[in-house]
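Participant: take a look and give me a structure for this.
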Amino acid sequence: MRPTIGPFPATRFRRLRRADGLRRLAQENTLSVNDLIWPLFVQDGVNQTTPVAAMPGVSRLSVDLIVKAAEEAASLGIPALCLFPYTDPDLRTESCEEAWSQDNLANTAIRAIKAAVPQMVVMTDVALDPYNANGHDGLVRDGIILNDETVEALVKMSLAQAEAGADILGPSDMMDGRIGAMRQALEMAGYQDVAIMSYAAKYASAFYGPFREAVGAGSRLVGDKKTYQMNPANSDEALRLIERDLSEGADMVMVKPGMPYLDICRRVKDAFGAPTYAYQVSGEYAMIQAAAQNGWIDGEKAMLESLLAFRRAGCDGVLTYFAPRVARILQDHA
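Facilitator: Here you go, the predicted model:
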């Protein structure tokens, strides 16, 4: 039971707020560079940069510039990057075979990063939408997103990424059974040390729009993703999904999007105690950036407050496009 709080004036909560040093002593949660994973968009070419219009400050980068970004991340102390490819439209097919090509953009970038910055943890995306002619995360037949056939494709994709040197696989597809299939395949192929961070509670959200522009999947999407991504009205279902994915071999779990689902983050951490992450998705990032650019909010303070909210909700880390900016601020205040 909680102790009884003394009445005023014996209890004055403002006593511990009156000075910076007192506030710091009483602070319950902190934000560290160790809490950051930096998502990056990879494109073809050499020395090529393409700004993402809906995400001010974010660009797609060619592999050589991705390596420079990895070197920057290492200098800032950021422990991990997550790669998302912008695949040539001519390589996007209904069978998605480019997804498990050893020479695709993601796998090429993994090898390049590991050659230049071997200590950098590289996380990947395991889903078919960047390679799919119709923009879906799974294979499609007669308008139906196929579960079991997609899982077979995701296993091939996972093995190709592991072979390229990925440290963490991030299945974001929301197909049933894919964690168990991936884990079994990784073990059999000798990649038992490759970790899986499951997008276990990924909602069919309106906050993904800018990301879909960044990977070139938005204009191709036929229909919606409600048959495989979660209903935003559901909370208990998220815990069932987390429990299943952990039982199948996930090492870490993710809630996506982030701030609109802080209640889910808290429930997941309290229920399982497993390493729990959130993705501060493109729409969340774009709203903060747009409001800041219009002078409606203090962008730096809003950015830091938003990330601290994830820590308060129980997250062990956050995938955020703000990562290098936050790391510099933390470095300056160290």
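Participant: helix or strand: which one has Thr50?
Facilitator: Assigned by DSSP states H and E, Thr50 belongs to strand 49-51.
Participant: what score does the closest residue in space to Pro51 that isn't next to it in sequence have for pLDDT?
Facilitator: Leaving aside its chain neighbours, Pro51 sits nearest to Ser59 (4.8 Å; criterion: Cβ to Cβ, 6 or more residues apart in numbering). For every residue, glycine as well, the C-beta is placed using N, CA and C. Note on Ser59: pLDDT of 96.
Participant: rewinding a little: from the contact counts, what lies against the strand holding Thr50?
Facilitator: The helices and strands touching strand 49-51, judged by 3 or more Cβ pairs under 8 Å, 6 or more residues apart in numbering; DSSP states H and E, are strand 59-62.
Participant: pull the distance from the strand it packs on to the chain's centre.
Facilitator: Between the centre of strand 59-62 and the centre of its chain there are 17 Å (Cα atoms, centre = their mean, to the nearest Å).
Participant: each with direction, which strands does it pair with?
Facilitator: strand 36-43 (parallel), strand 49-51 (antiparallel) (DSSP bridges).
Participant: so what touches the strand holding Thr50?
Facilitator: Residues outside strand 49-51 that contact it (Cβ atoms under 8 Å, 6 or more residues apart in numbering) are 43, 58-62, 65, 86.
Participant: which other helices and strands does the longest helix seen in the chain contact?
Facilitator: Ranked by residue count and defined by DSSP state H, the top helix of the chain is helix 147-164. On a contact count with 3+ Cβ pairs under 8 Å, 6+ apart, helix 147-164 meets helix 105-116, strand 121-126, strand 168-171, helix 178-188.
Participant: show me the contact partners of the helix or strand that the last one is followed by.
Facilitator: What that stands for is helix 178-188. Per DSSP H and E, helix 178-188 leads on to strand 195-202 as the next helix or strand towards the C-terminus. With contact meaning Cβ under 8 Å, 6+ apart, strand 195-202 is reached by 123, 167-174, 179, 182-183, 186, 229-230, 238, 241-242, 244-246, 249-256, 261, 264, 268, 277, 279.
Participant: avg pLDDT for strand 195-202?
Facilitator: Mean predicted confidence for strand 195-202 is 97.
Participant: repeat that for stretch 144-153.
Facilitator: Stretch 144-153 comes out at a mean pLDDT of 97.
Participant: please name the nearest non-neighbouring residue to Arg267.
Facilitator: Per Cβ to Cβ, 6+ apart, closest to Arg267 is Leu239, 6.2 Å.
Participant: can I assume the one you found is in contact with Val268?
Facilitator: Yes: in terms of Cβ atoms under 8 Å, Leu239 counts as a neighbour of Val268; the distance is 6.7 Å.
Participant: which residue of these two possesses the greater neighbour count?
Facilitator: Val268 (29 against 18; other Cβ atoms under 10 Å).
Participant: if we can go back for a sec, which of the helices and strands packed on helix 147-164 sits most buried?
Facilitator: The highest average neighbour count among the helices and strands packed on helix 147-164, using mean count of other Cβ atoms under 10 Å, belongs to strand 168-171 at a mean of 26.
Participant: could you list the low-pLDDT ranges of the stretch 101-250 of the chain?
Facilitator: 217-219 (pLDDT under 70).
Participant: and the strands paired with strand 59-62, which is most packed in?
Facilitator: Scoring the strands paired with strand 59-62 by mean count of other Cβ under 10 Å, the most buried comes out as strand 36-43, with a mean of 24.
Participant: no further questions, thank you.
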